[in-house]
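A.B. asks: Here's my sequence, what's the structure:
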Amino acid sequence: MKLRLQFVLFIAIIGTFSIKAQVSDREPAARKWIFDHSKELNIQTFHNFKLTFVRKGLAGETLRFQQMLNDVPVYDNEIVINFVNGNEVAFSSNNYDDSVANISTIPAISFKKAIAASNEQLNTKSGKIINQKSKLVIYNAIKPTRLAYRITTQIDNNPGDWEVFVDAQNAEIISAKDISISHHKKDFNKLTSKKNTLRKKAAMPVSYVQGTAMVFDPDPLSKAHVAYAGNYVDNGDLTNAELDAARTAVVLPQIDFTSSVYRLKSQYVDIADFETPNKGLFTQATPDFSFTRDNDGFEAVNAFYHLDKSMRYINSTLGVTCAPSLNGGIFQFDPSGLNNADNSHYLPSTEQISFGEGCVDDAEDADVILHEFGHGIHDWITNGHASSATGLGEGNGDYWAVSYSRSLNQWLSSEAAYNWVFSWDGHNDCWSGRVTNYTRTYPQSGSTYTEIHTYGQIWATVLMKIYDVIGREKTDKAFLEGLALTGSSTTQPQAATAVRQAAINMNYPCADVQTMTTKFNAAGYNLAAVPLSMAVIANQSVTADSNNTYTLPSYATLANPISANCAATLTQSPITGTILNPGVYTITMIATLGTATVTRTFQLTVSPNLAVAQNVKENVVIYPNPAKNQITIKGEFDSNENITIYNLLGQKVIERNSISNEEKVDVSKLEAGVYTIYFTASKASFKFIKE
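C.D. replies: The predicted structure is shown next:
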């Protein structure tokens, strides 16, 4: 009976996926991993999995498998599997739900009736719908398991990004909530909007040019190195000489220039106007977008500059692919939204952000801009499965904001503002802001400290502690690639494990991995000890010196064994100093920690030095030269002389020993090009051309 159940499960997992949203040659290995762990995960025989997303990143290839019941997705439940070396699973995370019941997946009501029920719940008659989407799902967050329509709606008189689940059998409202993500607690009452800029009838041709602007980088207080007081206060959005001087002149690498109009749009970011107050797109007749802060155009270009710069940093400088799935991969923002509320938010259903204008205008502070952007990159890099559990999402946003602002080195580590998040928007009479030197550790208890914005400070704080040791780019890269391994219910400790694994996958030095482990555990995450591992070493090559001698160097730094406390020992065979002849050799590296061992091998190609002057061997003639099928080597050879022919890459293509003073060599199978004949004993070399 046990074998029969396993076979049925294998068919359920492997045999029902003729239609794939994505393709990967590692899919069979991933499905085998799911099958091998089916008992551990308690996978039910009537559940199956659909490959919905494949990401090839710096930390390996990650496959996301959506949990399914028949052909209907189980909402927000998936298994994530990461590969780094061939078909070797490096990391996995999952929020598979084994309690999903085997219900009918045929709806009794239409999606139109479900939308009508949702609209009635949200009272959309009193406003205008600006965006609405519907999808059939299995909903199990509130028992019992139900077939439901998930409907997301944005309307002009009800704030946020509303998610409503409607029972697909009887039109009952199961759940209704706002899923927009704000940089501090939602305290606004209205969100108005006039249009949905994501839906365009036709794409206009774009011509990018360079522009200029004046911005806060990251904010006026940090630039001027002053406190919020005197002439450095909001004062109803008025400007003055001090605040004008706190601006920085910058270049905008790309702005759109179409029909003699300059617009804040690049290959990464685009201005939009989808929430009230509707102030337009701030297009200009010149490429100069220099404003003072009392002009609404200042917030527009300030947000554009920082969002575009961060997108370029991620995708170009770090080499991490990250972009929204909507609007052709261009991120849209509204610099004046939320009906003037003192808040900002990210809207998952449309992958947009908008900034409020209450108190300090949010788009004046790069920390607010990049915090909301942090929600976006978390959403995109997980294919819409960003977790808000234990404040992870809020901590991500805070970290991404301070990662940038601290890189400008405007505050000393002894100054309070060194650890502040929202240095201009918060820490004043508007609101208290947050910090990255939070003293509490994980887990928290009590209503105050489990509020997600407060809780997230633990995560942001520990990431900044790692940042201060290993540097910004390394931390940012591990942070982003680690997030790509997480799911919709990932907690802070689970995210810490993912970030550390991403660093291991990217072959970070063991000292960096140990720093992460130490800092994460000091924050209360209690990570498991790092198992002994070693990166796969790419094949290497060396070239002979001028005397055509070959010394094998040590490849210990390439092997980079990772272990708890970096205590692994590394041995290499052959050892350094071995004299070799030209050729290809197998080098073995063995990492040892206690009784555990990891072995890696790679091929070392030793090539003759073809750049040095040829050693003349008397009375040697090679003909014909150029040759098509055969060459003759005639001369005085040493007894049983080894003759080797190399191509221009230093690869051995022919090898033989001489038996007479006139050797004929078949070269008909060689590709056209220049080749070197090398005499091992006398270290003499000659070139010939193969036609």
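
A.B. asks: wait, residue 385 sits on residue 64?
C.D. replies: Yes: here residue 385 reaches residue 64: they are 7.4 Å apart, a contact under C-beta atoms under 8 Å. C-betas here are computed from N, CA, C, even on glycine.

A.B. asks: Name the residues contacting each of these two.
C.D. replies: Shared contacts of residue 385 and residue 64, defined by C-beta atoms under 8 Å, 6 or more residues apart in numbering, comprise residue 78.

A.B. asks: So which of those two has more stuff around it?
C.D. replies: When neighbours are counted by other C-beta atoms under 10 Å, residue 385 and residue 64 differ, and residue 64 comes out ahead with 26 against 23.

A.B. asks: mind listing what that one touches?
C.D. replies: Counting by C-beta under 8 Å, 6+ apart, the residues that residue 64 touches are 51, 52, 53, 54, 55, 78, 79, 80, 383, 385.

A.B. asks: repeat for residue 378
C.D. replies: Taking C-beta under 8 Å, 6+ apart as the test, what residue 378 contacts is 386, 393, 396, 397, 483.

A.B. asks: now with 6 Å?
C.D. replies: 386, 393, 396, 483 (C-beta atoms under 6 Å, 6 or more residues apart in numbering).

A.B. asks: Buried residues, stretch 46-63. List them.
C.D. replies: 47-55, 57-63 (16 or more other C-beta atoms under 10 Å).

A.B. asks: Then stretch 624-639?
C.D. replies: Quick answer for stretch 624-639 (16+ other C-beta under 10 Å): 627, 631, 633, 635, 637.

A.B. asks: Run a quick check on residue 74 versus residue 66, I expect a contact.
C.D. replies: No: if you go by C-beta atoms under 6 Å, residue 74 and residue 66 don't touch, sitting 7.5 Å apart.

A.B. asks: How about the backbone phi and psi for the nearest residue to residue 102 once chain neighbours are set aside?
C.D. replies: Using C-beta to C-beta, 6 or more residues apart in numbering and skipping the chain neighbours, the partner closest in space to residue 102 is residue 46 (4.6 Å). Main-chain dihedrals, residue 46, degrees, to the nearest 10: phi -100, psi 0.

A.B. asks: next one: residue 396
C.D. replies: The phi/psi pair for residue 396 (degrees, to the nearest 10) is phi -60, psi -50.

A.B. asks: Take the contacts of residue 64 and keep only those in strands.
C.D. replies: 51, 52, 53, 54, 55, 78, 79, 80 (DSSP state E).

A.B. asks: In JSON lines: these, plus pLDDT and distance to residue 221.
C.D. replies: Listed next are the ones in strands among the contacts of residue 64 as JSON lines, based on pLDDT from 0 to 100; distance: C-beta to C-beta, whole Å:
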{"residue": "51", "pLDDT": "97", "distance to residue 221": "48"}
{"residue": "52", "pLDDT": "96", "distance to residue 221": "44"}
{"residue": "53", "pLDDT": "96", "distance to residue 221": "41"}
{"residue": "54", "pLDDT": "97", "distance to residue 221": "44"}
{"residue": "55", "pLDDT": "97", "distance to residue 221": "38"}
{"residue": "78", "pLDDT": "97", "distance to residue 221": "43"}
{"residue": "79", "pLDDT": "98", "distance to residue 221": "46"}
{"residue": "80", "pLDDT": "98", "distance to residue 221": "41"}
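
A.B. asks: Widest-spaced pair of those?
C.D. replies: 55 and 79 (14.4 Å; C-beta to C-beta).

A.B. asks: any idea how far residue 685 lies from residue 662?
C.D. replies: 19 Å (C-beta to C-beta, to the nearest Å).

A.B. asks: between the two, who's got more neighbours?
C.D. replies: residue 685 (21 against 12).

A.B. asks: Whatever helix or strand that one lives in packs against which elements?
C.D. replies: Assigned by DSSP states H and E, residue 685 belongs to strand 684-690. Counting by 3 or more C-beta pairs under 6 Å, 6 or more residues apart in numbering; DSSP states H and E, the packing neighbours recorded for strand 684-690 are strand 673-679.

A.B. asks: Low-confidence bits of the stretch 551-691 of the chain, can you list those?
C.D. replies: 576-583, 608-618, 637-639, 683 (pLDDT under 70).

A.B. asks: where do the helices sit along it?
C.D. replies: 556-559 (DSSP state H, counting those that start in this stretch).

A.B. asks: quick one: the strands in it?
C.D. replies: Using DSSP state E, counting those that start in this stretch, the strands of the stretch 551-691 of the chain run over 561-562, 569-573, 583-593, 596-607, 621-623, 630-634, 642-646, 652-657, 662-666, 673-679, 684-690.

A.B. asks: can you list contacts of the lengthiest helix in the chain?
C.D. replies: Of all segments of type helix in the chain, defined using DSSP state H, the longest is helix 452-470. Applying C-beta under 6 Å, 6+ apart, the contact partners of helix 452-470 are 184, 388, 390-391, 394-395, 398-399, 434, 436, 438, 442, 444, 475, 492, 512, 515-516, 519, 523.

A.B. asks: again, but for stretch 436-450
C.D. replies: Contacts for stretch 436-450 (C-beta under 6 Å, 6+ apart): 402, 419, 455, 457, 458, 460, 461, 464, 492, 523, 524, 525.

A.B. asks: now with 8 Å?
C.D. replies: Contacts for stretch 436-450 (C-beta under 8 Å, 6+ apart): 390, 398-399, 402, 419-421, 454-455, 457-458, 460-461, 464, 492-493, 522-525.
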